[in-house]
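S.K.: Fold the following and give me the result.
(one chain, ligands or ions: 2)
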Amino acid sequence: MIQSSHIGYHCISCGEFSPADPFLYTCEKCDSNLDATYDYDKIKKGWSRKYLSGNRDRSIWRYLPLLPVAQNPEDTSIQVGGTPLVSQARLAQELGIQDLWLKDDTRNPSGSLKDRATEVGIQHAKELGYKIIAAASTGNAAASLACLSATHKMEAVIFAPSSAPPAKLTQILQYGAHLFPVNGSYDDAFDLSMDVVKATGWYLRSTGINPILSEGKKTVALEIAEQLNWEVPDQIFVPVGDGCIIGGVYKGFYDLHQLGWIDRLPKIVAVQAEGSSAIVNALKSGKIKPVNAETVADSISVDLPRDGQKAIRAVKESHGYGLKMTDGEILAAQHYLAKTTGLFAEPAAAAAFAGLIKSTNENKINSDETAAVLITGTGLKDINAAQQIVNIPSPILPDLDSFKNVWSRSHS
Ligand SMILES: Cc1ncc(COP(=O)(O)O)c(C=O)c1O
Ligand SMILES: [Zn+2]
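M.R.: Numbers count the residues shown, from 1 in each chain. Ligands and ions are numbered 1, 2, ... in the order given. Just a heads-up that it's a prediction; the model follows:
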């Protein structure tokens with residue numbers, strides 16, 4: 001198999017090319033975000049779908065020729081990627097569509113899709129000789145950086161809003177990372193991480209400006225296509241905060257299309273919370289304007305999306321669309337998903353499923369179409385949110401009569 005075919009980056013705004021070395025986070029000419037570029041002809045000569053099918057590595061590293069690093073990590077004790085794509089025929093029927101798949105990325109090591117980005121980011125940082133990585137995060141990217149830094153022997157320094165769910169902050173500390181809860185919003189934490197990295201020279205894993213991260217996230221699209229035997233779904237529902245995941249999803253399908261491994265792109269649907277919808281607004285207005293983000297879905301609560309241009313490209317180039325969900329719709333979808341499939345998603349992830357429900361109600365998806373939904377993070381990380389619509393019952397006395405009383409009252 002060939003090693004990576006990565007050759008550098010193109011600016012998402014002005015198209016300027018930057019080589020892979022020296023590594024730049026943003027375009028030297030206009031400071032916009034960069035997009036990794038590959039030599040597709042080289043890949044076509046040295047790699048194929050058949051070759052890939054014989055690779056027994058189930059992790060994201062089976063896609064090395066399409067990743068922006070030179071080699072696989074030394075430590076493979078923890079598997080990132082290779083998550084189940086769960087077929088939900090009965091639920092599809094209930095929703096009135098042809099077929100439905102849930103991509104269960106709660107199964108990643110730290111419980112979210114962010115591990116895909118972190119795994120590639122850490123390998124990139126190692127190849128460039130860094131020992132310390134800093135990140136701002138609403139919680140999941142930080143927990144992911146802390147987790148995988150532990151396996152890959154890196155030092156992680158994390159800036160997260162002090163209002164992040166306690167489970168996420170605790171998780172970060174358990175993995176042994178340095179945590180700085182920030183008295184402010186995610187956007188404040190992001191700006192601080194930029195200042196710290198400028199002052200210290202550490203590697204930056206903040207979502208949204210490091211082009212390596214959306215490349216890691218794109219492996220979710222590569223996996224979905226491979227799991228469906230290179231027949232992509234008609235529509236794919238993605239929860240959107242900064243826009244990095246959705247940008248990666250597009251890039252994964254784009255790469256496969258360039259290689260001729262798939263014959264079309266799915267429509268990519270950007271799902272945001274009504275109280276944090278800068279990207280869906282921009283799909284209409286053409287301009288990304290900051291909002292005062294407020295939603296129960298903390299992972300997608302973002303004032304100014306840092307990867308908005310890639311998100312907009314994903315929707316427009318794939319002929320997709322945007323949807324806004326209320327907190328009530330998100331929490332109801334979370335419970336419905338858990339009850340019908342056994343998948344307990346955090347509110348951000350449930351937002352994508354809520355988007356599918358809305359789409360079926362508004363006839364944006366037809367009865368002969370198929371859908372995939374990204375379940376990007378586990379519900380166990382934010383119990384407070386989940387408890388808004390399920391109440392823990394009052395305790396009963398430990399005797400049969402108490403049980404019978406309560407049972408008959410609730411089943412009469
Ligand atoms: C579970 C989950 N879903 C969705 C998102 C949104 O991803 P992005 O900010 O790349 O749009 C995040 C980001 O933190 C997340 O943690
Ligand atoms: Zn530029």
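S.K.: so Tyr336 is in which element?
M.R.: helix 327-341 (DSSP states H and E).
S.K.: The closest residue to ligand 2 within the stretch 201-350 of the chain and Leu283, how far apart?
M.R.: Distances between the stretch 201-350 of the chain and ligand 2 by CB to the ion are smallest at Gln309, namely 10.6 Å. (C-beta placed from N, C-alpha, C; glycine too.) Per CB to CB, to the nearest Å, Gln309 is found 12 Å from Leu283.
S.K.: Isn't Trp47 up against Pro65?
M.R.: Yes. If you go by CB atoms under 8 Å, Trp47 and Pro65 touch, sitting 4.9 Å apart.
S.K.: So those two - more neighbours on which side?
M.R.: Between Trp47 and Pro65, counted using other CB atoms under 10 Å, Pro65 has the larger neighbour count: 22 against 19.
S.K.: Quick check: the more buried one vs ligand 1, distance?
M.R.: Distance, Pro65 to ligand 1, by CB to the nearest ligand atom, to the nearest Å: 24 Å.
S.K.: Could you verify my assumption that that residue touches Ile2?
M.R.: Yes. Here Pro65 lies in contact with Ile2, judged by CB under 8 Å, at a distance of 5.2 Å.
S.K.: Quickly list what's touching both of these two.
M.R.: Ile43, Gly46, Trp47 (CB atoms under 8 Å, 6 or more residues apart in numbering).
S.K.: Which member of these is positioned nearest ligand 2?
M.R.: The closest of the shared contacts of Pro65 and Ile2, once distances to ligand 2 are taken by CB to the ion, is Ile43, at 25.5 Å.
S.K.: Against which helices or strands is the helix or strand hosting the closest one packed?
M.R.: Assigned by DSSP H and E, Ile43 belongs to helix 40-46. Counting contacts by 3 or more CB pairs under 8 Å, 6 or more residues apart in numbering; DSSP states H and E, helix 40-46 packs against helix 244-259.
S.K.: do the helix it packs on and ligand 1 meet?
M.R.: Yes. Helix 244-259 lies within reach of ligand 1 by CB under 6 Å from any ligand atom, at Cys244, Ile245, Ile246.
S.K.: looking just at contacts, which helices and strands does that helix meet?
M.R.: Other elements packing on helix 244-259 under the criterion 3+ CB pairs under 8 Å, 6+ apart are strand 34-38, helix 40-46, helix 114-127, helix 211-217, helix 219-227, strand 235-239, strand 267-273, helix 308-317.
S.K.: so which of the ones you listed gets nearest Glu94?
M.R.: Evaluated with CB to CB, these place strand 235-239 nearest to Glu94, the distance being 16.1 Å.
S.K.: Neighbouring strands - and their directions - for that closest one?
M.R.: In the sheet, strand 235-239 lines up against strand 267-273 (parallel), strand 370-375 (parallel) (DSSP bridges).
S.K.: Select, out of those, the one closest to Lys114.
M.R.: strand 370-375 (12.0 Å).
S.K.: check contacts around the residue lying closest to Thr76 once chain neighbours are set aside.
M.R.: The shortest distance from Thr76 to any non-neighbouring residue, by CB to CB, 6 or more residues apart in numbering, is to Ser59 (7.0 Å). For Ser59, the contacting residues are Thr76, Gln79, Val80, Gly81, Gly82, by CB under 8 Å, 6+ apart.
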